[in-house]
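Visitor: Fold the following and give me the result.
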Amino acid sequence: MSTSTVDHAHDHGHDHAHDHPHGWQRWLFATNHKDIGTLYLWFSFVMLMSGGVLALMIRSELFQPGLQFFQPEFFNQLTTMHGLVMVFGAIMPAFVGYANWMIPLQVGASDMAFARMNNFSFWLLPPAAILLAASFLVPGGATAAGWTLYAPLSTQMGPGMDMAIFAMHLMGASSIMGSINIIVTILNMRCPGMTLMKMPMFCWTWLITAYLLIAVMPVLAGAITMTLTDRHFGTSFFNAAGGGDPVMYQHIFWFFGHPEVYIMILPAFGIVSQILPAFARKPLFGYASMVYATASIAILSFIVWAHHMFTTGMPVTSQLFFMYATMLIAVPTGVKVFNWIATMWRGSMTFETPMLFTVGFIFVFTMGGFTGLILAVTPIDIQLQDTYYVVAHFHYVLVAGSLFALFAGFYYWSPKWTGHMYSEFRGKVHFWLSLVTFNVTFFPMHFLGLAGMPRRYADYPAQFTDFNMLASIGAMGFGLTQVYFLFFVVIPTIRGGKKAEAKPWDGAEGLEWTVPSPAPFHTFETPPTVK
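Guide: Numbering: from 1, shown residues only. Here you go, the predicted model:
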């Protein structure tokens, strides 16, 4: 063997060792969809806890009237950063983590389509998070313009605003790359025989979500780039003195912002549509209508943006259009809710933790949907604009919607992820504490809003004290419950516990559900047998 051949063999061996790096390199250079999914999930959990700390600072300030701990300016920085951290740091990356873990497994692909791009789209997030967090430390502090970053306030803020803009650009790029990966994986890498209409619902909802992300992320990038040039390069996009219009910012922002709220709920719909049939032990009712309803919601989400802007002085014809278009979204959403209920109807249901969170999701998400319908009515919205009623509404759909579905998905899929079963008792404790403390926190906010208490104020008149105290106590409980979830459910499950069966949910509580494994639920004429 000549020296060159030996060198070549040695090099080849060296390359091969790098295919499966260990230690920190395994995570830094991760190209495996499961590792990247795990990175996303841990990142989003850290951000959930960080955003939760900001929320608890807000609630502790509002425990009593008067200024307790923070100056109003800092209080507004807290509300801004709480929103940005939760939306872009916690909920969206968590769903992308679920997508990375589950989509290749569900469509029968070996991995995601673009492994290196997958790695890059994750590693854009930690620098963005650090930028956001560090904006508290620069002169003038973090931006206090609200998570919507409305002009003209956002054009006057200190350098913290620039850091937030840069962070959001990074997170937007991450979302776009993740979406391209999901779309290509689903459209090009399904196993033979899996047509689109045989895919699991989670794949469908993520396919539609990925198209939404690609459509609206550049719109957000445009809005914040115009803000940036107004701040530093002498443009007047949003400056009336230079011929611009601050309301134009709202139009551009909400053209992104409204589809964005559906980006945060559609994957949740997918998770729920997978868990319900498993614990009702019968196929998902109306699979095709679920797919069409999801697509309809996505399309309609583009034509309702100005319902966030009823108080900006738009013509009555526009108000009517946006009112009716918003109400129209209730139709496909209602289709989904009724299909879920029909799936449970006469099923052999058992209530393990994933099912509890799923049923809790349907109940509380529907309440949030009804308050959304109420806010769609223009004259009512004009009264309730920027009050705590709106805060209650979107937390019912985002916390009890997105977050509960994420919890349900964790309990449902963690046996597959970790190889261990979680403690069923602790899971149920987590569910009931979450459900009760969530409602104690956010239900009183409906009354505060109806009575006229505005959002984003550090102080309030004395008549709002009781409900605010209740909300603050609930919030502390909800926060502690998620700490319990981390230390008593997540970490023990990863470290050990009962070994998970190959099919952990077969034979749950002695009921066996026999159904050919990879095939979709809706293709069977006869319901699966219950023994």
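Visitor: which regions of the chain sit below the pLDDT cut-off?
Guide: Counting by pLDDT under 70, the chain has low-confidence residues at 1-19, 507-531.
Visitor: 50 - rerun?
Guide: For the chain, applying pLDDT under 50 flags the ranges 1-17, 509-531.
Visitor: In contact with the spatially most central residue of it, which residues?
Guide: Central residue of the chain (CA atoms, centre = their mean): residue 91, 3.0 Å from the mean position. Contact analysis of residue 91 by CB atoms under 8 Å, 6 or more residues apart in numbering lists 44, 264, 398, 402-403, 406. Placement of C-beta: from N, CA and C, glycine included.
Visitor: Show me where this protein has its strands.
Guide: Assigned by DSSP state E, the chain shows strands spanning 513-514, 529-530.
Visitor: Give me the neighbour count for residue 266.
Guide: Look at residue 266: counted by other CB atoms under 10 Å, it has 25 neighbours.
Visitor: Chain neighbours aside, what residue packs nearest to residue 408?
Guide: The shortest distance from residue 408 to any residue other than its chain neighbours is 3.6 Å, reached at residue 357 (CB to CB, 6 or more residues apart in numbering).
Visitor: burial measure for residue 403, as a count.
Guide: Using other CB under 10 Å, residue 403 has 24 other residues around it.
Visitor: Which residues are in contact with it?
Guide: Residue 403 makes contact with 48, 91, according to CB under 8 Å, 6+ apart.
Visitor: how close does it sit to residue 357?
Guide: According to CB to CB, to the nearest Å, residue 403 stands 9 Å off from residue 357.
Visitor: Repeat that for residue 106.
Guide: Counting by CB to CB - residue 106 and residue 357 are separated by 20 Å.
Visitor: Tabulate the contacts of residue 91 (a markdown table), appending distance to residue 440.
Guide: A markdown table is the format used below for the contacts of residue 91 (distance: CB to CB, whole Å):
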| residue | distance to residue 440 |
| --- | --- |
| 44 | 25 |
| 264 | 23 |
| 398 | 17 |
| 402 | 20 |
| 403 | 16 |
| 406 | 21 |
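Visitor: Pull out the buried members of those.
Guide: Buried members of those, scored by 16 or more other CB atoms under 10 Å, are 44, 264, 398, 402-403, 406.
Visitor: from these, which two are the most distant?
Guide: 44 and 398 (13.7 Å; CB to CB).
Visitor: List phi and psi for residue 453.
Guide: Note on residue 453: backbone dihedrals following degrees, to the nearest 10 are phi -80, psi 120.
Visitor: Give me the neighbour count for residue 350.
Guide: Applying other CB under 10 Å, we find 15 residues neighbouring residue 350.
Visitor: helices or strands next to the top helix by length along the chain in the packing?
Guide: Using DSSP state H, we find that the single longest helix of the chain is helix 201-232. Under the contact definition 3 or more CB pairs under 8 Å, 6 or more residues apart in numbering; DSSP states H and E, helix 201-232 sits against helix 92-107, helix 153-156, helix 159-188, helix 246-263, helix 266-280, helix 287-300.
Visitor: which other helices and strands contact the second one?
Guide: To tie it back to what came earlier, the one meant is helix 153-156. Against helix 153-156 (3+ CB pairs under 8 Å, 6+ apart) you get helix 201-232.
Visitor: Tell me the buried residues in the helix it packs on?
Guide: Using 16+ other CB under 10 Å as the test for burial, helix 201-232 gives 201-217, 219-221, 223-224, 226-228, 230-231.
Visitor: now the angle between helix 246-263 and that helix, please.
Guide: Using axes from the mean of the first three to the mean of the last three CA atoms, to 10 degrees, the direction of helix 201-232 lies 160 degrees away from that of helix 246-263.
Visitor: now the angle between helix 159-188 and helix 201-232, please.
Guide: Angle between the axes of helix 201-232 and helix 159-188 is 150 degrees (criterion: the same axes, to 10 degrees).
Visitor: now residue 301: how far from residue 339?
Guide: For residue 301, the distance to residue 339 - CB to CB - is 19 Å.
Visitor: Which residue of these two possesses the greater neighbour count?
Guide: Neighbour tally, residue 301 and residue 339, criterion other CB under 10 Å: the higher count belongs to residue 301, 22 against 18.
Visitor: Tell me which residues touch that one, please.
Guide: 212, 258-259, 261-262, 329.
Visitor: if you set the cut-off to 7 Å instead, what comes out?
Guide: The contact partners of residue 301, by CB atoms under 7 Å, 6 or more residues apart in numbering, come to 258-259, 262.
Visitor: Residue 223 now?
Guide: Residue 223 makes contacts with 249, 252-253, 256, as judged by CB under 7 Å, 6+ apart.
Visitor: how does it look with 6 Å?
Guide: For residue 223, the contacting residues are 252-253, by CB atoms under 6 Å, 6 or more residues apart in numbering.
Visitor: Next: residue 353.
Guide: 411, 427-428, 431.
Visitor: now swap in residue 232 and tell me
Guide: Shown in contact with residue 232 (CB under 6 Å, 6+ apart): no residues.
Visitor: again with residue 388
Guide: Residue 388 makes contacts with 445, 448-449, 453, as judged by CB under 6 Å, 6+ apart.
Visitor: gap between it and residue 451?
Guide: Counting by CB to CB, the gap from residue 388 to residue 451 is 9 Å.
Visitor: Repeat that for residue 83.
Guide: 23 Å.
Visitor: Show me which of those two is the more surrounded one.
Guide: For the pair residue 83 and residue 451, the greater number of neighbours falls to residue 83 (18 against 14), based on other CB under 10 Å.
Visitor: Tell me who's in contact with residue 360.
Guide: 404, 435.
Visitor: which one of the buried ones among the contacts of residue 91 sits closest to residue 271?
Guide: residue 406 (7.5 Å).
Visitor: thought the closest one was touching residue 94?
Guide: Yes. Here residue 406 reaches residue 94: they are 5.2 Å apart, a contact under CB atoms under 6 Å.
Visitor: Is there a neighbour count for residue 191? I'd like the number.
Guide: Residue 191 is flanked by 11 other residues according to other CB under 10 Å.
Visitor: For it, give me its contacts.
Guide: Applying CB under 6 Å, 6+ apart to residue 191 gives the contacts residue 108.
Visitor: What spatial separation is found between it and residue 413?
Guide: From residue 191 across to residue 413, the span is 19 Å (CB to CB).
Visitor: wait, doesn't residue 210 sit right on residue 180?
Guide: No. Residue 210 lies out of contact with residue 180 (CB under 6 Å); the separation is 7.7 Å.
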